[in-house]
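Student: Sequence first, predicted coordinates after that:
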Amino acid sequence: MKIIVTTPRLYLRELEHDDVEDLFEMDADPAVHRYIENKPVQTRDEISRVISMLKEQYRAFGIARWAVIDKENNECIGWAGLKYFNEPINNHCNIYELGYRFKQKHWGKGFATESAGAVLKYGFNILGLETIYAITHPDNDNSKRVLTKLGFEYKERFDYDGDPTDWFVLQKQNCTSCSPE
């Protein structure tokens, strides 16, 4: 297993098919899906297909969502990473979007901020990006708090696949967690 990024409490690596059980625990939880399509997964096969899709994104774009592993017990507690959009989203194309998702039992522990900050640092300092975007449901106050802590600026609300969605933008110079070591 190749660790891509480390933080004080976490390491991030590519998702593997061995992560199926942990991701199923996360994505079968209706609370986790409250603000994302509201369609919890029903089978482990669905998770396997998602992991295969992410592995294809690693190959095609060199980046995708990464497993977030708790260093203390080696548990896959969720994922965080960048998604490359080569199709239009909110009148933008060829952009990188930050995303994160965690098992409910790990909410409120700062893991989203910690892992997303490491992802941003990687995107700006390793990939050389100047801008990273993020989207969230307008009612997802916790996610908006994470984005604001990281320096993202709310820009507008737009329609994404029939749902209202908040659009956030972060320029490299405004990233609160991105100074090189």
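Tutor: Done, it's in. A quick note: this is a predicted structure, and the numbers were derived from the prediction, not measured. Numbers count the residues shown, from 1 in each chain.

Student: Give me the contact list for the helix or strand where Asp159 lies.
Tutor: Using DSSP states H and E, Asp159 maps to strand 153-160. For strand 153-160, contacts defined as Cβ atoms under 8 Å, 6 or more residues apart in numbering pick out 89-90, 135, 138, 144, 148, 164-170, 174. C-beta: built from backbone N, CA, C; applies to glycine.

Student: From these, which land in helices?
Tutor: Among the contacts of strand 153-160, DSSP state H puts 144, 148 in helices.

Student: Give the ChimeraX command for selecting the buried subset of the contacts of strand 153-160.
Tutor: Listed next is the ChimeraX selection for buried residues among these, using 16 or more other Cβ atoms under 10 Å:
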select :89,90,135,144,165,166,167,168,169,170
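
Student: tell me the two of the contacts of strand 153-160 that are most distant?
Tutor: Based on Cβ to Cβ, the longest span within those runs between Pro164 and Asn174 and measures 24.9 Å.

Student: Would you format the contacts of strand 153-160 as CSV with pLDDT included?
Tutor: Output for the contacts of strand 153-160, formatted as CSV (pLDDT from 0 to 100):
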residue, pLDDT
Ile89, 95
Asn90, 96
Ile135, 98
Pro138, 97
Lys144, 97
Thr148, 96
Pro164, 95
Thr165, 97
Asp166, 98
Trp167, 98
Phe168, 98
Val169, 98
Leu170, 98
Asn174, 89
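
Student: from the contacts of strand 153-160, which single one is nearest Trp79?
Tutor: Nearest to Trp79 among the contacts of strand 153-160, counting by Cβ to Cβ, is Ile135 at 15.8 Å.

Student: Please tell me how far the closest one sits from Leu23.
Tutor: Separation of Ile135 from Leu23 (Cβ to Cβ, to the nearest Å): 21 Å.
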